[in-house]
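Engineer: turn this into a model:
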Amino acid sequence: MLGVLNQQYSRLKQSLREQSLREQSLREQSLRDTSKNECRSRARKGPTTERENEGPVDTTLFEDIFTQDLAWQEMANCRGADQDLFFPERGASTRKAKAICGACTVKDDCLEFAITKGERFGIWGGMSERERRRIRRQRAITARQTG
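Structural biologist: Below you'll find the predicted structure:
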């Protein structure tokens with residue numbers, strides 16, 4: 001009798017663990033979808049107003065696809081890699097994405113694209129949004145001082 005109860009208890013624990021993992025996976029997927037939808041929505045809205053300390057930021061990526069030379073993307077190391085590495089959950093490690101970027105021959109082009117377009121999400125050119133924001137601020141300060 002005790003053995004049967006132990007088996008049932010083990011099955012129940014396993015079932016609860018699996019359910020918890022499924023729920024966590026759904027929450028993570030929902031967060032990723034929300035982030036991606038926000039990017040798409042922002043791209044559809046067109047240019048944004050000025051950001052604090054950063055000047056105007058053009059977010060019309062759709063136009064850029066047709067008007068700019070984005071051939072560098074064809075040579076990027078991240079091409080074909082798992083997209084989730086470059087758009088990690090908040091607080092997740094970015095080491096793998098940055099390692100891929102570290103050996104990339106078009107890292108500088110990628111970084112410049114993300115900085116000039118005000119890309120707010122993901123790892124671009126081996127840098128996070130926080131690191132890119134720091135560069136944009138420094139460029140704005142330098143432009144004010146020289147211009």
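Engineer: what number of residues lie near E119?
Structural biologist: 21 (other CB atoms under 10 Å). For every residue, glycine as well, the C-beta is placed using N, CA and C.
Engineer: which phi and psi does it have?
Structural biologist: When read as degrees, to the nearest 10, the backbone of E119 gives phi -60, psi 120.
Engineer: please apply the same query to R130.
Structural biologist: According to degrees, to the nearest 10, R130 has phi -60, psi -40.
Engineer: pLDDT value on it, please?
Structural biologist: The model reports R130 with a pLDDT of 92.
Engineer: low-scoring stretches of the chain, by residue?
Structural biologist: 1-10, 12-13, 16, 20-21, 31-69 (pLDDT under 70).
Engineer: which parts of it are strands?
Structural biologist: Here the chain has no strands by DSSP state E.
Engineer: any chance you could map the helices in it?
Structural biologist: Counting by DSSP state H, one finds helices in the chain at the ranges 2-45, 61-67, 83-86, 95-102, 107-117, 129-146.
Engineer: may I see the buried residues of the last one?
Structural biologist: Pointing back at helix 129-146 there. Of all the residues in helix 129-146, those buried under the rule 16 or more other CB atoms under 10 Å are E131, R132, R133, R136.
Engineer: return the member of the residues you listed nearest to E74.
Structural biologist: R132 (22.3 Å; CB to CB).
Engineer: which residue, other than its chain neighbours, is closest to the closest one?
Structural biologist: Leaving aside its chain neighbours, R132 sits nearest to I115 (5.3 Å; criterion: CB to CB, 6 or more residues apart in numbering).
Engineer: count of neighbours near R120?
Structural biologist: 16.
Engineer: ugh, wrong one, G91
Structural biologist: Residues lying near G91 (other CB under 10 Å) number 5.
Engineer: rewinding a little: nearest to R17, of the buried residues of helix 129-146?
Structural biologist: Closest to R17, out of all of the buried residues of helix 129-146 and judged by CB to CB, is E131, at 37.2 Å.
Engineer: from W72, how far off is that closest one?
Structural biologist: To W72, E131 is 20 Å away according to CB to CB, to the nearest Å.
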